[in-house]
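> Sequence and predicted structure, then a few things I'm wondering about:
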Amino acid sequence: MFRLLLKFLRVLGSDTDPLQISLGFALAMIAGFTPLFSLHNLIVLLLVLVLRVNLSAFLAGLALFTGLAFLLDPLFHQVGRAVLTSDALRGPFTAFYNTTPGRLSHFYNTIVMGSLVVSLVLFVPFLLLSNALIVRYRTQVLGWVNRLKVVQALKTTRLWSTLQRAQAIRDDLS
Amino acid sequence: MSFAATLNRWVRWRGLIAFVAVTALLLAVWTLFLDGWVKSAIEAAGTAVVGAKVEVRKVDVSLSPLGMDISGLAVTDPDAPMTNVVEIGSATLALEGGPALLRKVVVSDAHITGVRLHTPRRTSGAVKKAPPPPPQDKADGGLGLDIPMPSVADVLGNGKLAAETVAEGVKTDVETFRSRWDARIKALPNDKAIEDYRRRAKAIRELPRTVPGIAQAAKDIKTLKRDIDRDAAAMREARKALESDQAALRNKLREVRNSPTAEAKRLVAGHGVNLGSAGGVAGTLFGAEAGRWVGTGNQWYHRLAPLLESPDTGAESPPPPVRARGQDIRFPDRHPLPDFLLRKARVQVMLEHGEMNGTLQDVTSDPRLWGRPTTFSLAGDQLKNMRRVALTGKFDHVAPAATRDEITFTVDGYRQDNLPLLRGRALPLVMESGKVNLAVRTAVLGGKGLTPNIDGTINAALSDMRLKVAREGIDPAVTTALTGVTSTAVKVGLSGPLEFPKMRVDTDLDNVLKSVARHAAEAKLAELEGRVRAEIARRVEQQLADVEARLQGHQKELVDQLTSRIQGFDQLQAGLKGL
C-alpha cells in the first residue's frame, strides 16, 4: 500500500499526461465499484492495458473505489433495482437476458447493474474533474508538497530511487 | 500530430499481448480450479439442504463433451452422524452446453452406480449440535402401556369407609358386651346366695337325728339340692353364653381385619378402571412402530420438500439484498428451462440382498416451469432372501396449489432370520424365521399454504414364522401364546395431517396382544388394590387399637367372676353329697 502511495505521488508529480492519469482513475472507478469478477471488467482490463492509461493511477484507484463500493452497496442496489424494473427497458433487458453474454454478464443483478450505471454516469464528469484537479495540483500544490520535510524524507528512501530507475526503463521501452 | 503519432501516443500495443496473456491466465486458473469449485459447491449446497455433512471424494469436470464425473458422494444421516444415509459410488453426468452458457445446469443423461444405503462413516458428519436423545420407553414391569390408574386417595374418597364403620361397630359391641354381661352376672346367684345355701345346709345338719328330723332333713336336702343345681346350671349356662358371645366378638374382629381386602377390591372395581380399555394394544404397539417409520419419512419429506417446490415468482416484496450480493431480477425466458434439470438418470442401488436398477426422471428445481413431475422406478428380482423388491414414486409439484407425492414400495417373499418386528421396550418382538410380503402405498397431498395430508396403507403378511419375545419378564403364558402364532397379517391405514397422521391398525395378533395388555393392566390393578388395602387396614387398626385388649380384659374379668361362683356351687354340690 505504501509502495502504491509512493508510486501514485510520483506519478502525480511527473510529466505524465494528466488525462492518462485521470483515465486510469475513471476506469478504476468502474472496476472498483462493480463486482470485480464481472464480464464487463474484462473490457475495462482490455482498455487499461491497451490504452496508455497510467497503471499506478488505475491500481490506486481500484483499491480506493473497491473500499468505497462496500459503503455504497445499498445505493447501488436501489439504483439497479429501479433500472432493472423499469418498464421502458424491459424489452431490451429481456432480449439481452436471453443471450449468453447477457447471462454471463450477470447484468440482472441489482448490485451489478446499479454500480455499473452509477460508475458510467460519473465516468465523464469524474474524468474531467480529476484531470482539472491534477493540472491544478501540478501548478499550485506540487511545489509546496515538494518542500514538505516528509516528502523530502521519502525521496531519500531506496524505494523512491528504485521507482525512479524503473520509470526511466519504462520510458525507454515505450 | 499525425494520426499514427496520436495512435501511438494513446495505444500501448504490448498491452494487447498482456491482455491476451492475463485472459488466458484467468481461463487457465478457472479450468484448473473448476473441479474443486464444483466439488465445494456440491458439498456446500448438499450440506445446507440435508443439515449434515455431504462430502464428495472427487469431481472431474469435462468441457468437451460437457459433463462431469462425481465419485464418492456421501450424504450423512443427520439423525445418526456416524452413518451415511446414502453413498453414491459414481455419477457420470452429461451436461447440455447451450443452457450451461445461460447459467443453467441441464443434465441430459446420468448414470448413477454403486448407490448404497446406511453405510458406516469413519468420522462424524454432524454439522450442528445433536438434539437431545428421545426419551426411552419406561422400563417398568408391564408393557409400558399408558393405562390410567387412579391414586389411592382417589379410590378411597373423602367419606368413611365401610371397614371403618364396621370397626367402630365392633368397638361399641365390645363395650355393650361388657355392660350386658355385667348386668347379667349381677342377676345371677352371687356369693350371698352361696352363703345362704351354706346356711341352709348347716341348718339341715343341725336337725335332730330323729325320725321326723331325718324326714324333714331329707325333704330339705332335696329342696336345697334342686335349688343349688338350678343355680349352678344357670351359672354354667351363663359361662357358656359368655364364651359364645366372646367368640362372636372375636369373629367380628377377624372379619373387620379381613374386610380391607374385599373393600379394596370393591372400591377399585367400582372406580371405573376398565381392563378392556387396554385392548387395541396391537394398535398401540404396531402403531408406535409405524409411527417411527412415518416420523422418519416425515422428517425427510420436510427436508426434501423445499427442493421440490418451484421458485416463488409472486408479486410480494423481495427479500432485502445480501450485502455485496444484491438481488437477481428475473426476465422471461424465451426458451424456458429450470436452473437445474435432470432429464433422465439410470440408477443402480446396491442392497445387502443384491442390486436394484431403475430410472429417475425429470428432477428439477422448477417443476412448474418444466411441467412434468419427478418420477422414479427401481426394482430388483431374485435377490438373496427376497423374490422381488420394487420402489416407484412420483413427486408432482407442477401445480404448486395442489401437489401430490406418491410412493409405492413392495417386497415379495422376503425371508430373514431374527427380523425385529416391534422394537419398543413394551413388547420387543423378533421374527426368528419366516417370510414377509410387504406393500406400502402412500400419497402426500399438499399445496402452497396447505398442510400436507397423508393417505396410505401398509400391508404386511407374515407366514411360516416363529416369533420370539426378546425380553425377560413377560408372562410365560403370553410368550407361549405369541410363539404359537405362525402367520399373521398387519394392515396399517394412514390418514390426516402428515405431522400427526391418524393410524388404524388391524392385526389378527390383536387377541394375543390384548391378553398381554390385560395382564399388564391386571398387574397394575393388583398393585393399586394392595396399596388401597394397606391404607384401609391402617385406618381399621387405628379404630381397633385397644379393642382387642379391652375385649381380652372384659373376658378375663367376666369369666373369673363366673368361674369363682361356679366353683362355689361345685363345693356346695360336693358338700350336699356328705349330708
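Sure thing, it's come through.
> residues touching B:Arg103, list them.
Residues near B:Arg103 by C-beta atoms under 8 Å, 6 or more residues apart in numbering or on different chains: A:Arg103, A:Leu104, B:Asp339. The way it works is simple: take the backbone N, C-alpha and C, and place the C-beta from them, glycine included.
> Scan the residues you listed and report the most crowded one.
Counting neighbours by other C-beta atoms under 10 Å in any protein chain shown, A:Arg103 leads the contacts of B:Arg103 with 19 neighbours.
> Which pLDDT value belongs to that one?
A:Arg103 carries a pLDDT value of 87.
> what residues does the helix or strand hosting it touch?
Counting by DSSP states H and E, the element that carries A:Arg103 is helix A:100-105. With contact meaning C-beta under 8 Å, 6+ apart, helix A:100-105 is reached by A:Ser38, A:Leu39, A:His40, A:Ala95, A:Phe96, A:Tyr97, A:Tyr108, A:Val112, B:Leu101, B:Leu102, B:Arg103.
> who's in contact with stretch B:488-501?
For stretch B:488-501, the external contacting residues (C-beta under 8 Å, 6+ apart) are B:282, B:286-287, B:290, B:294, B:298, B:301, B:442, B:444, B:446, B:451-462, B:465, B:502-509.
> Stretch B:456-466 now?
B:290, B:293, B:421, B:431-443, B:483, B:485-495.
> how about that stretch: buried residues?
B:Gly456, B:Ile458, B:Asn459, B:Ala460, B:Leu462, B:Met465 (16 or more other C-beta atoms under 10 Å in any protein chain shown).
> Which residue is the nearest non-sequential neighbour of whatever residue of chain B ends up closest to chain A?
Among the residues of chain B, B:Gly326 lies closest to chain A, at 3.1 Å counting by C-beta to the nearest C-beta. Leaving aside its sequence neighbours, B:Gly326 sits nearest to A:Ile111 (C-beta to C-beta, 6 or more residues apart in numbering or on different chains; 3.1 Å).
> now B:Glu55: how far from B:Ser259?
B:Glu55 sits 73 Å away from B:Ser259, taking C-beta to C-beta, to the nearest Å as the criterion.
> Between those two, point out the one with more neighbours.
B:Ser259 (22 against 19).
> still on that earlier bit, can you name the two of the buried residues of stretch B:456-466 that are farthest apart?
Spanning the widest gap among the buried residues of stretch B:456-466 are B:Gly456 and B:Met465, at 24.5 Å by C-beta to C-beta.
> Hmm, A:Leu55 and B:Gly15 touching each other?
No. Counting by C-beta atoms under 8 Å, B:Gly15 stays clear of A:Leu55, with 9.4 Å between them.
> shared neighbours, the two?
A:Val48.
> thinking again about what came up before, and the contacts of stretch B:456-466, which are buried?
Buried among the contacts of stretch B:456-466 by 16+ other C-beta under 10 Å: B:290, B:421, B:431, B:434-443, B:488, B:490, B:492-494.
> mind giving me the domain split of chain B?
Here the domain parsing of chain B from automatic domain parsing is B:7-120, B:152-273+B:533-577, B:277-309+B:338-508.
> end-to-end on the second one?
To tie it back to what came earlier, the one meant is domain B:152-273+B:533-577. 69 Å (C-alpha to C-alpha, to the nearest Å).
> quick one: average pLDDT of the host helix or strand of B:Leu558?
Per DSSP H and E, B:Leu558 falls inside helix B:547-577. Helix B:547-577 carries an average pLDDT of 83.
> How about stretch B:468-484?
Rounded mean pLDDT across stretch B:468-484 is 75.
> same question, stretch B:456-464
Rounded mean pLDDT across stretch B:456-464 is 90.
> Point out the residues in chain A that sit beside chain B.
Within chain A, the residues that sit near chain B (C-beta under 8 Å from any C-beta of the partner chain) are A:35, A:42, A:45-46, A:48-52, A:69-70, A:73-74, A:76-77, A:80-81, A:84-85, A:90, A:93-94, A:97-98, A:100, A:103-104, A:108-112, A:114, A:174.
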